[in-house]
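[1] I'll drop the sequence and a predicted model, then ask my questions.
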Amino acid sequence: MAPPSFDFSCLLCTEDSSILDENDLGGSMEDETEQFDEPIEYVPPPLLPPPLLSEENLKVLIEKECHHLPASDYVNRLKNGELDLQGRMESIDWMEKAGLYFGFGPLCIYLAIRYMDRFLSVVDMLKERKWSIQLLAFCCLYLAAKIDEVVVPRSVDMQMDEKKYLFDKKTLRTTELLILSTLNWRMQAITPFSYIDFFLNKVNGDQVPIGDSILQSFRLIMSTVRGLDFIQFRPSEIAAAVAVLVSVEGENLIVQTEKALSLLIEYVEKEKVMKCIEMIQQLLSGSGSSAKDANVSVPFVAQTPIGVLDALCLSYNSDDNHSDATTAPLADSPLHNSPDAKRKKTISNFEE
């Protein structure tokens, strides 16, 4: 059965900024226009360890995660050119760059990319309408920010770096509703972040995961978002592979890997996790990095603009005496996405 199509031509698009008047912006265009040059100042909440999943809740997540995956033929359609692979990659570039600028966490970026993948896998979008993939990427990131972030910027502020297309509020609302309905309103998506603390705890003798291992895990999870072949894995399988890679070290890595996997096989398929481990290791070897490199200063994925992954997940100064050091949005609080940290959510300049 062919994927349903949507007439994106009914959505308003313009190639200049005339769609936005001074009342929309709250001031003149000249006063408001800015680029994503430097990240805005972000003060992370206190570092709080997230509550570990119970065995029962973990099994519920694993049962439901299949509802948060793209259609099974999505990867093949991207590879054979039926879908716009380049548009997907450019959208991820923009999401990561915007996420860094506004201080969004890795989970927010991951959610946005997965919203986009799930949508593209079931709705036909014409390649010649380049603005439609930009509109989709923007709305996916904006929805993810509303779901996951404490402070959500105005939609017009998030478009200031867009030199080609600008979208009005009505167009954005219409597209957001289309995304929500297409994804069956399943926006609290199950991701590898949902499992990582539980699996790290399991493979490390029921010890609470420390900050370094969480940061390393976040970095590895985010490194998988671009690769098409990682889409074949369930979130639990990616999380299990990452937990094993972060936890094993020293000699006899094969033996240690087998031992760590033995602690997780009641939750995930061993063969798929091993395949995922091999693919991540290939990714690491291609970048000249390793699973233990938590403080590297070069971008983990070469295609990522301005070292976004490092800035989102890694770059931090562990020396408390250097209080004026530049830190990434997530630097001092890798667990800022925990339920406790976001129990009280305030949204500034929320338009809808």
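    Sure, I can see it.

[2] the host helix or strand of M222: what's the following helix or strand?
    In this assignment (DSSP states H and E), M222 forms part of helix 211-223. Counting by DSSP H and E, the next helix or strand C-terminal to helix 211-223 is helix 235-247.

[3] from the contact counts, what lies against the helix or strand following that following helix?
    Once helix 235-247 ends, the next helix or strand along the chain (criterion: DSSP H and E) is helix 253-262. Contacts defined by 3 or more Cβ pairs under 8 Å, 6 or more residues apart in numbering; DSSP states H and E place helix 253-262 against helix 235-247, helix 270-287. Placement of C-beta: from N, CA and C, glycine included.

[4] and the helix holding M222, what's buried?
    211, 213-223 (16 or more other Cβ atoms under 10 Å).

[5] of those, which is the nearest to I113?
    M222 (9.5 Å; Cβ to Cβ).

[6] read off the pLDDT value for that closest one.
    As predicted, M222 sits at a pLDDT of 95.

[7] how far away is it from L284?
    13 Å (Cβ to Cβ, to the nearest Å).

[8] over to R234?
    21 Å.

[9] compare the two (neighbour count), which wins?
    Neighbours were counted for R234 and for L284 using other Cβ atoms under 10 Å; R234 has more, 21 against 18.

[10] state the mean pLDDT of whatever helix or strand Y142 lives in.
    Using DSSP H and E, Y142 sits in helix 130-148. Helix 130-148 shows a mean pLDDT of 93.

[11] can you add distance to L177 and give the buried residues of helix 211-223 back as JSON lines?
    As requested, the buried residues of helix 211-223 are exported to JSON lines (distance: Cβ to Cβ, whole Å):
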{"residue": "G211", "distance to L177": "39"}
{"residue": "S213", "distance to L177": "40"}
{"residue": "I214", "distance to L177": "35"}
{"residue": "L215", "distance to L177": "36"}
{"residue": "Q216", "distance to L177": "38"}
{"residue": "S217", "distance to L177": "34"}
{"residue": "F218", "distance to L177": "31"}
{"residue": "R219", "distance to L177": "34"}
{"residue": "L220", "distance to L177": "34"}
{"residue": "I221", "distance to L177": "29"}
{"residue": "M222", "distance to L177": "29"}
{"residue": "S223", "distance to L177": "32"}
